[in-house]
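# Fold the following, please.
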Amino acid sequence: MTRRDADILRLAVPALGALVAEPLFLLADSAIVARLGTLPLAGLGLAGAALSTAVSVFVFLAYGTTASVARRLGAGDEAGALAQGVDGMWLALGLGVVTAALAVPGAGWVVDALGASAAARPYAVTYLHLSLPGLPAMLVVLAATGVLRGLQDTRTPLVVAGAGAVLNAVLNLLLVHGLHLGIAGSAIGTAGTQVLMAVALAVVVARGVRRTGARVRPHPFGVLRTALEGVPLLVRTLTLRAALLLTTAVAAAQGDASVAAHQVAMTVWTTTALALDALAIAAQALVGRALGAADVEGVRASVRRMVQWGVAVGAVLGLVVGVAAGGVAGFFAPDADVRAQLAAALLVVAASLPLAGWVFVLDGVLIGAGDGRYLARAGLVTLAVYAPLAVLVAQVAPAGRTGLVWLWIAFAGAFVLARLLTLVRRERSGGWMVTGA
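Residues are numbered from 1 along each chain as shown. Sure, this is the predicted structure:
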């Protein structure tokens, strides 16, 4: 194993662990609330979807901060790196407070927009009202995680995320069933855990600030610069979310069996994406640092190696999904129609994963280079390519297995390929390799 491989694994493996820990929060909440009955669980599902969407929209707080901090670190300015990271955390806190303040009075409208039934609506609204005060902490966790990744530390976020997952489960059990607070206890426990995680990560960052003498107060221009740099990444994220929502909408139009099969297939897709995203995080940190150090040859060598890792990991995951497709379909879909559709869709997922690995790595490379404007434009282009294909599938493809297969060919095939072409074009041009702090 080369030094470069060791660096990739040193960053990617803990990052994967932290990414896996995140879904455990909602999984633990779901398992504990499920014992209260169907309606509280339905309310949690709706509220959880709303919160997850809100947090995912602000994921640029982690990605953008990773790139900027890593670049300054590579340039030898650790104090400047931490100061910029602190600005990102202040921005996260401000965005969280504003978003929560706007969302609390609009909680009822949000759950109505998600299609909540009259019976499940009170549970969803209760969960949102009590968990939204924890949203600022959730966003601070994102930004602080980005700071530490930029400092080439993915182990601390793993420890905090793992401890948070355990604490969340314990608090939820105590509050929901021990103190009999019901779904309100679940919301309070999760929000409280997020606050403690934010404090833990902030303490780690503060130690670095004290050691280097970096400023801890927000710099207005620094916060504004961080916000402006995050806008293109926000646009990129919204194009990805739009593609996912459009795909689900087309599956729903094909019938209940199709949307049920699609839901499981999408879960498998997002699960495999965690491993690929861990490589993208390593790419962000390594490329940002190398560019800051003006190590152009090192950047090129790292990109080549990380692409190899991405394709190889994608191929392995594709092989696993392909071999397990029938078993997964049988486990998750007792209905014969759903099972047949799911097995076929999973084969398309399996075939696309090597390309997806290439896409994830190059996406991470360009994020690490601070090339957000190009990623935003590329996201709009790929969405413009994919949307007509999805609509065509909805209008022309027959319902059932054939229709779902064509939908996944459009999404995991054409959409991923369009993303790959735009990313490869940019990577080969070298226009993103701007060196220095």
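# from here on, contacts and neighbour counts on C-alpha atoms
Noted.
# Report the secondary structure state of A214.
coil (DSSP: H, G, I helix; E, B strand; the rest coil).
# Please identify the helix or strand for the closest residue to it other than its chain neighbours.
Once flanking residues are discounted, A214 sits nearest to A79: 4.8 Å by C-alpha to C-alpha, 6 or more residues apart in numbering. Per DSSP states H and E, A79 falls inside helix 78-103.
# which parts of that helix are buried?
For helix 78-103, the neighbour count (16 or more other C-alpha atoms under 10 Å) marks 78-97, 99-100, 103 as buried.
# centroid residue for this protein?
Centroid check for the chain by C-alpha atoms, centre = their mean gives S56 as the closest residue, at 5.8 Å.
# What residues of the helix or strand hosting V170 count as buried?
Counting by DSSP H and E, the element that carries V170 is helix 155-172. Neighbour-count burial for helix 155-172, counted by 16+ other C-alpha under 10 Å, picks out 155-158, 160-162, 164-165, 167-169, 171-172.
# Near the spatially closest residue to M306 that is not a sequence neighbour, how many residues? Count them for me, please.
Leaving aside its sequence neighbours, M306 sits nearest to V361 (C-alpha to C-alpha, 6+ apart; 6.6 Å). Using other C-alpha atoms under 10 Å, V361 is surrounded by 28 other residues.
# same deal with A42?
A42: 21 neighbours (other C-alpha under 10 Å).
# Distance check, it against A118.
11 Å (C-alpha to C-alpha, to the nearest Å).
# I would like the residues contacting stretch 122-129, please.
Residues external to stretch 122-129 that are found in contact with it (C-alpha atoms under 8 Å, 6 or more residues apart in numbering): 39-40, 42-47, 51, 104, 107-108, 111, 183-184, 186-187.
# mind listing which of those are in helices?
Under the assignment DSSP state H, the contacts of stretch 122-129 contribute 39-40, 42-47, 51, 107-108, 111, 183-184, 186-187 to helices.
# Which one (most neighbours) among those?
Ranking the ones in helices among the contacts of stretch 122-129 using other C-alpha under 10 Å puts S186 first, with 30 neighbours.
# Spatially nearest residue to that one, not counting backbone neighbours?
Distance criterion C-alpha to C-alpha, 6+ apart; nearest residue to S186, sequence neighbours excluded, is N172 at 5.0 Å.
# Secondary structure element holding the residue nearest to the centre of the chain?
Using DSSP H and E, S56 falls in helix 38-57.
# P398 now?
Here P398 is assigned to no helix or strand, by DSSP H and E.
# measure the closest residue to it other than its chain neighbours to Y386 for me?
The spatially closest residue to P398, leaving aside those adjacent along the chain, is Q254, at 8.0 Å (C-alpha to C-alpha, 6+ apart). Distance, Q254 to Y386, by C-alpha to C-alpha: 18 Å.
# where in the stretch 301-437 of the chain is pLDDT low?
The stretch 301-437 of the chain contains residues with pLDDT under 70 at 332-334, 436-437.
# Strands of that one, residue ranges please.
Counting by DSSP state E, counting those that start in this stretch, the stretch 301-437 of the chain has no strands at all.
# Let me see the domain layout of the protein.
1-218, 232-437 (automatic domain parsing).
# In CSV: these, plus distance to L224.
Shown next, in CSV, are the domains of the chain (distance: least, C-alpha to C-alpha, whole Å):
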stretch, distance to L224
domain 1-218, 8
domain 232-437, 14
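# nearest to T226, of the ones you listed?
domain 1-218 (6.2 Å; C-alpha to C-alpha).
# Distance from that closest one to the middle of the chain?
Taking C-alpha atoms, centre = their mean, to the nearest Å, one finds the center of domain 1-218 at 11 Å from the center of the full chain.
# For it, the averaged confidence score.
Averaging pLDDT along domain 1-218 yields 86.
# what's the following helix or strand after the helix or strand where L128 lies?
Per DSSP H and E, L128 falls inside helix 121-131. Counting by DSSP H and E, the element after helix 121-131 in chain order, helix or strand, is helix 135-150.
# could you give the angle of that next one to helix 155-172?
Per axes from the mean of the first three to the mean of the last three C-alpha atoms, to 10 degrees, the angle that helix 135-150 makes with helix 155-172 is 150 degrees.
# who are the neighbours of helix 135-150, in terms of helices and strands?
If you count contacts as 3 or more C-alpha pairs under 8 Å, 6 or more residues apart in numbering; DSSP states H and E, helix 135-150 packs onto helix 38-57, helix 60-74, helix 78-103, helix 155-172, helix 183-212, helix 256-292.
# May I have the helix holding V170 as CSV, with CA atoms only?
Extracted in CSV, the C-alpha atoms of helix 155-172 (Å, rounded to 0.1, in the frame of the first residue of the first chain):
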residue,chain,number,x,y,z
ARG,A,155,-11.7,10.4,13.5
THR,A,156,-13.1,13.0,15.9
PRO,A,157,-16.4,13.4,14.0
LEU,A,158,-16.7,9.6,14.0
VAL,A,159,-16.2,9.5,17.8
VAL,A,160,-18.8,12.2,18.4
ALA,A,161,-21.3,10.8,15.9
GLY,A,162,-21.0,7.3,17.4
ALA,A,163,-21.3,8.6,21.0
GLY,A,164,-24.3,10.7,19.8
ALA,A,165,-26.0,7.7,18.3
VAL,A,166,-25.7,5.8,21.6
LEU,A,167,-26.8,8.7,23.7
ASN,A,168,-29.7,9.4,21.4
ALA,A,169,-31.0,5.8,21.8
VAL,A,170,-30.6,5.9,25.6
LEU,A,171,-32.3,9.3,26.0
ASN,A,172,-35.2,8.3,23.7
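# Lovely, talk soon.
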